[in-house]
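Undergrad: okay, structure incoming, though there's no sequence with it:
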């Protein structure tokens with residue numbers, strides 16, 4: 001297990017467990033801080049979906065910065081257990097869905113969708129599947145290894161490059 005820290009908000013400085021696994025790649029603190037600073041005005045009261053959740057660090061960061069709720073989607077039951085432990089440590093009550101992103105379904109719409117998929121198995125179609133869960137004025141934040149993909153129905157508003165990662169922001 002590795003530890004990662006929450007960068008800002010009411011849980012700033014708290015450490016979270018992170019799975020030591022080739023199935024996950026925690027976002028670096030520099031990238032995470034930049035990402036959340038760019039969407040800071042959208043976070044208060046936001047409903048957040050954190051997919052490919054890993055440790056849950058992105059959704060928990062959103063909650064720390066004022067999001068009203070977060071749902072975590074993680075395929076691996078073992079890794080989902082780490083999210084549960086991280087939420088419990090901070091006394092947060094959030095829903096964890098153990099499912100692949102491709103098989104995830106809901107009637108709920110979200111203000112913010114955070115997607116940090118495995119880079120060695122990046123599938124644009126999986127990301128496109130998420131667009132139906134985005135509110136009309138919502139934002140999809142995608143971490144990806146290659147140039148920003150075109151996602152039907154969404155407009156790419158900005159991309160930032162950090163070492164091997166790109167973080168792109170999409171809106172309707």
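TA: Perfect, I can see it now. Please read all numbers here as calculations on a predicted model, not as lab measurements. Numbering: from 1, shown residues only.
Undergrad: show the contacting residues for the residue nearest to residue 162 when sequence neighbours are not counted.
TA: Nearest residue to residue 162 in three dimensions, chain neighbours excluded: residue 31, at 4.4 Å (Cβ to Cβ, 6 or more residues apart in numbering). No exception for glycine: its C-beta is placed from N, CA and C like everyone else's. Shown in contact with residue 31 (Cβ atoms under 8 Å, 6 or more residues apart in numbering): 143, 162, 165, 167.
Undergrad: what comes into contact with the helix or strand where the first one lies?
TA: Spelled out, it's residue 143. Using DSSP states H and E, the element containing residue 143 is strand 134-144. Strand 134-144 has contacts (Cβ under 8 Å, 6+ apart) with 27, 31, 35, 39, 42, 109-117, 119, 122, 127, 130-131, 148-149, 151, 154, 165-172.
Undergrad: swap the cut-off to 6 Å and go again
TA: For strand 134-144, contacts defined as Cβ atoms under 6 Å, 6 or more residues apart in numbering pick out 109-116, 165-172.
Undergrad: go on, stretch 87-102?
TA: For stretch 87-102, contacts defined as Cβ under 6 Å, 6+ apart pick out 11, 51, 70, 71, 72, 73, 75, 77, 80, 83, 84, 126.
Undergrad: so the second one bridges to which residues?
TA: So that's residue 51. Judged by DSSP bridges, the bridge partners of residue 51 are residue 73, residue 115.
Undergrad: contacts only, for it.
TA: Here residue 51 is in contact with 73, 101, 115 (Cβ under 6 Å, 6+ apart).
Undergrad: over to residue 64?
TA: Residue 64 makes contact with 6, 9, 10, 11, according to Cβ under 6 Å, 6+ apart.
Undergrad: could you rerun that using 10 Å?
TA: 6-12, 14, 36, 43, 57, 90, 92 (Cβ atoms under 10 Å, 6 or more residues apart in numbering).
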